[in-house]
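Participant: What follows is a predicted protein model with its sequence.
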Amino acid sequence: MEVEKNLDYEIEKWTAKLKDVIGGMSAENDYFTKNIVAYMNDSKHFREQGDLVRSFEAIVWAWAFYTIGKEIGEIK
């Protein structure tokens with residue numbers, strides 16, 4: 001069960017980091033904000049259901065929306 005423990009740790013770590021950065025985020029386009037929050041909520045839901053793979057995938061998608069938004073100037 002070491003893999004599950006590590007995966008759960010990574011989900012927690014990246015969720016906390018994302019919460020930190022979006023706390024001061026301002027978005028020019030609400031599309032990015034909505035998707036970041038939606039994927040974070042999905043990650044939480046899957047984690048609560050014990051589906052750590054989908055939970056991790058969802059937090060990766062949330063980070064992707066944040067990163068892309070920053071790169072194209074939609075998120076400040």
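Facilitator: Thanks, I have the structure now.

Participant: Which elements pack onto the lengthiest helix in the chain?
Facilitator: The residue-count maximum for a helix in the chain (DSSP state H) belongs to helix 2-23. The helices and strands touching helix 2-23, judged by 3 or more Cβ pairs under 8 Å, 6 or more residues apart in numbering; DSSP states H and E, are helix 30-48, helix 52-71. Every C-beta, even on glycine, is put in place using the N, C-alpha and C of the backbone.

Participant: Which neighbouring elements make contact with the first one?
Facilitator: Pointing back at helix 30-48 there. With contacts taken as 3+ Cβ pairs under 8 Å, 6+ apart, helix 30-48 sits against helix 2-23, helix 52-71.

Participant: if we can go back for a sec, any residues touching the longest helix of the chain, and which ones?
Facilitator: If you take Cβ atoms under 8 Å, 6 or more residues apart in numbering as the criterion, helix 2-23 is touched by 36, 40, 43-44, 47, 52-53, 55-56, 59-60, 62-63, 66.

Participant: Can I get those residues in JSON lines including distance to residue 8, neighbour count and pLDDT?
Facilitator: Written out in JSON lines, the entries for those read as follows (distance: Cβ to Cβ, whole Å; neighbours: other Cβ atoms under 10 Å; pLDDT from 0 to 100):
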{"residue": "36", "distance to residue 8": "21", "neighbour count": "23", "pLDDT": "94"}
{"residue": "40", "distance to residue 8": "16", "neighbour count": "21", "pLDDT": "96"}
{"residue": "43", "distance to residue 8": "12", "neighbour count": "25", "pLDDT": "98"}
{"residue": "44", "distance to residue 8": "12", "neighbour count": "15", "pLDDT": "97"}
{"residue": "47", "distance to residue 8": "7", "neighbour count": "20", "pLDDT": "97"}
{"residue": "52", "distance to residue 8": "6", "neighbour count": "19", "pLDDT": "97"}
{"residue": "53", "distance to residue 8": "11", "neighbour count": "11", "pLDDT": "97"}
{"residue": "55", "distance to residue 8": "8", "neighbour count": "24", "pLDDT": "98"}
{"residue": "56", "distance to residue 8": "9", "neighbour count": "19", "pLDDT": "98"}
{"residue": "59", "distance to residue 8": "11", "neighbour count": "25", "pLDDT": "98"}
{"residue": "60", "distance to residue 8": "15", "neighbour count": "14", "pLDDT": "98"}
{"residue": "62", "distance to residue 8": "17", "neighbour count": "23", "pLDDT": "97"}
{"residue": "63", "distance to residue 8": "17", "neighbour count": "18", "pLDDT": "96"}
{"residue": "66", "distance to residue 8": "21", "neighbour count": "23", "pLDDT": "93"}
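
Participant: Alright, that wraps it up for me.
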